[in-house]
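*Asks:* attaching a predicted model along with its sequence, questions to come.
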Amino acid sequence: MHLNFEDIVLVPQGGILDSRKDANISATLGNWEFAVPVVAANMQSIITAEVCKQFDNNNWFYVYHRIGGTAEVITFTEHANKEFNKVSISVGVKDEWIEAVKYLHSINQKVDYFTVDIAHSHSLSVIPILQCIKKLYPNSYTICGNGCTKEWVEFLESLTDENKVRLVDCVKVGIGVSKSCRTREYTGFGSSTIGSLKECNDAARHSDIMSDGGITINGDTVCIGDIAKAIAFGADWVMSGALFSRCIDSPAVLHGYYGNASRQAKGNDHVEGELVKVQTNGLTIKEMMKLIEDSLRSSVSYGGKEHIYELYGAKYEVIK
């Protein structure tokens, strides 16, 4: 099923809510319940410590990016331990990241969520950092990405520690689907949003599914409704940079929208992205959060349900 979000529309069903404001759009990730099953992409052009604080204050999940290197992530973690309700960071797979995790543990810094963040995580290279995280932070929740096939899901779900405890809690699905990503164009490889999401959801036996990227942009409109489509096809969570890239206070408005594989983020080696100039939508990040929450409540109402996750398996039509 090689379909993307823009290729389908969900079909409305008879409603059971007195008001759409009664729809439950809360979402659980690990030990915490959050306001919505949506998280801003852990991209340097989207995320700053200040943006993370906004999300944390409003009970939205966040993931701090790793593009500034280990020292920056350590500094953020120390700050978040003092000022944030929850601590959520990205890490890479090289030895320096293993040493960073060991250091954070040695100075008694809590980390509630780790995101192991590499372009293609169907690789043996993810194992050492995952083992380190599980050993030192056994109660943390670990997200690993990215990938897009059932074989990748099966690989990550096969990884366990010596006590047969799984190393990965959530798989992050999507390769080459971001509007700032050029992996498809430069390498010939990539994924679809709907098709890959369904394949990975069908393969998952233990893992949560996070759909990453590919939200449709029609002219000046970023299609919030694609969140509901992702959940209908098995996503437990949806990650997006596009949703927040045009906000007045987004770094992307000031400096451009670019991915973690772009020249702006990583220099000149293995570039698979480019800088995209964006115009503001006139909304602050806080206002965009409210718009997303309102839109998801309406999605639940149109789907004839009470809770956002009940949209799974919703009827749809192909409009391609």
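*Replies:* Now that the structure is in, tell me what you want to look at. Computed from a predicted structure; not experimentally measured.

*Asks:* show me what contacts residue 223?
*Replies:* With contact set as C-beta atoms under 8 Å, 6 or more residues apart in numbering, residue 223 has these partners: 5-6, 215-217. Where you see a C-beta, it was placed from the backbone N, CA and C, and this is true even at glycine.

*Asks:* go again with 6 Å.
*Replies:* residue 216 (C-beta atoms under 6 Å, 6 or more residues apart in numbering).

*Asks:* could you measure from it over to residue 5?
*Replies:* Here the criterion is C-beta to C-beta, to the nearest Å. By it, residue 223 lies 7 Å from residue 5.

*Asks:* and stretch 11-23, what's buried?
*Replies:* 15, 20, 23 (16 or more other C-beta atoms under 10 Å).

*Asks:* quick one, which of those has the minimum pLDDT?
*Replies:* Lowest-confidence member of the buried residues of stretch 11-23: residue 15, scoring 86 (pLDDT).

*Asks:* residue 305 is in contact with that one, correct?
*Replies:* No. The pair residue 15 / residue 305 is not scored as a contact, 8.7 Å apart, by C-beta atoms under 6 Å.

*Asks:* so what sits against both of residue 223 and residue 5?
*Replies:* Joint contacts of residue 223 and residue 5 (C-beta under 6 Å, 6+ apart) are residue 216.

*Asks:* the stretch 101-250 of the chain: strands as residue ranges?
*Replies:* Ranges of strands within the stretch 101-250 of the chain are 113-117, 141-147, 170-173, 208-212, 217-218, 221-222, 237-240, based on DSSP state E, counting those that start in this stretch.

*Asks:* pLDDT of the third one, averaged?
*Replies:* To tie it back to what came earlier, the one meant is strand 170-173. Mean pLDDT, strand 170-173: 98.

*Asks:* turn the buried residues of stretch 11-23 into JSON lines, including distance to residue 49 and secondary structure.
*Replies:* Supplementary listing: the buried residues of stretch 11-23 in JSON lines, determined by distance: C-beta to C-beta, whole Å; DSSP: H, G, I helix; E, B strand; the rest coil:
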{"residue": "15", "distance to residue 49": "41", "secondary structure": "coil"}
{"residue": "20", "distance to residue 49": "34", "secondary structure": "helix"}
{"residue": "23", "distance to residue 49": "32", "secondary structure": "coil"}
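
*Asks:* just the closest of the residues you listed to residue 70, please.
*Replies:* Closest approach to residue 70 among these (C-beta to C-beta): residue 23, at 41.4 Å.

*Asks:* give the contact list for that closest one.
*Replies:* Counting by C-beta under 6 Å, 6+ apart, residue 23 has contacts 297, 300-301.

*Asks:* same check, this time on residue 250
*Replies:* Counted by C-beta under 6 Å, 6+ apart, residue 250 has contacts residue 244.

*Asks:* between the contacts of residue 23, which is closest to residue 170?
*Replies:* residue 300 (22.5 Å).

*Asks:* now that closest one, nearest residue through space, not along the chain?
*Replies:* residue 23 (3.7 Å; C-beta to C-beta, 6 or more residues apart in numbering).

*Asks:* roughly how far does the one you found sit from residue 167?
*Replies:* Applying C-beta to C-beta to residue 23 and residue 167 gives a distance of 35 Å.
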